[in-house]
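> what's the 3D shape of this:
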Amino acid sequence: MIKFLNPTEAEALYLDESAEWLDIRDPASFSAGHISRARPLDNDTVGDFIARTDKAAPVVVCCYHGNSSQQAAAYLMSQGFETVYSLNGGFEEWKVTHPERVSAS
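Numbering: from 1, shown residues only. Coordinates of the predicted model:
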């Protein structure tokens, strides 16, 4: 079962170097601004991510508002990842809560 975190709760995982942060928004949105530790994930990159990532590492999935990330998190759980979180409020809430932890490409 996927877990849910709000941006305040997620800060501890942001500081955890072993945690993987994924952003499933479109490339233009990611380039305009994203969680500093996040990397983009889409249909073209998900296979490589699954193949080379430690399934025991915590994973946080981010989208715009926290809706689409739930489906992506459930998919990663079905692929063997042990601890997957969906970020409640998504990037929109994260950038308000943690503006110092936002980057643009």
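> helices or strands up against the host helix or strand of A73?
Assigned by DSSP states H and E, A73 belongs to helix 68-78. In terms of contacts (3 or more CB pairs under 8 Å, 6 or more residues apart in numbering; DSSP states H and E), helix 68-78 is packed against strand 59-62, strand 84-87. (Each C-beta comes from the backbone N, C-alpha and C, glycine too.)
> list the buried ones in the last one?
Pointing back at strand 84-87 there. Across strand 84-87, burial judged by 16 or more other CB atoms under 10 Å covers 84-87.
> ok, the residues you listed vs V61, which is closest?
S86 (5.6 Å; CB to CB).
> how far away is the residue nearest the centre of the chain from R25?
Residue closest to the average C-alpha location in the chain (CA atoms, centre = their mean): V61, at 2.5 Å. V61 sits at a distance of 11 Å from R25 (criterion: CB to CB, to the nearest Å).
> hang on, isn't S86 packed against H65?
No. At 10.9 Å, S86 and H65 do not qualify as touching, with contact defined as CB atoms under 8 Å.
> and the helices in the chain?
All helices of the chain, identified by DSSP state H, fall at 7-15, 27-32, 46-52, 68-78, 90-97.
> can you redo those helices as JSON lines with mean neighbour count and distance to A38?
Formatted as JSON lines, the helices of the chain follow (neighbours: other CB atoms under 10 Å; distance: least, CB to CB, whole Å):
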{"stretch": "helix 7-15", "mean neighbour count": "16", "distance to A38": "10"}
{"stretch": "helix 27-32", "mean neighbour count": "13", "distance to A38": "8"}
{"stretch": "helix 46-52", "mean neighbour count": "12", "distance to A38": "12"}
{"stretch": "helix 68-78", "mean neighbour count": "18", "distance to A38": "11"}
{"stretch": "helix 90-97", "mean neighbour count": "19", "distance to A38": "8"}
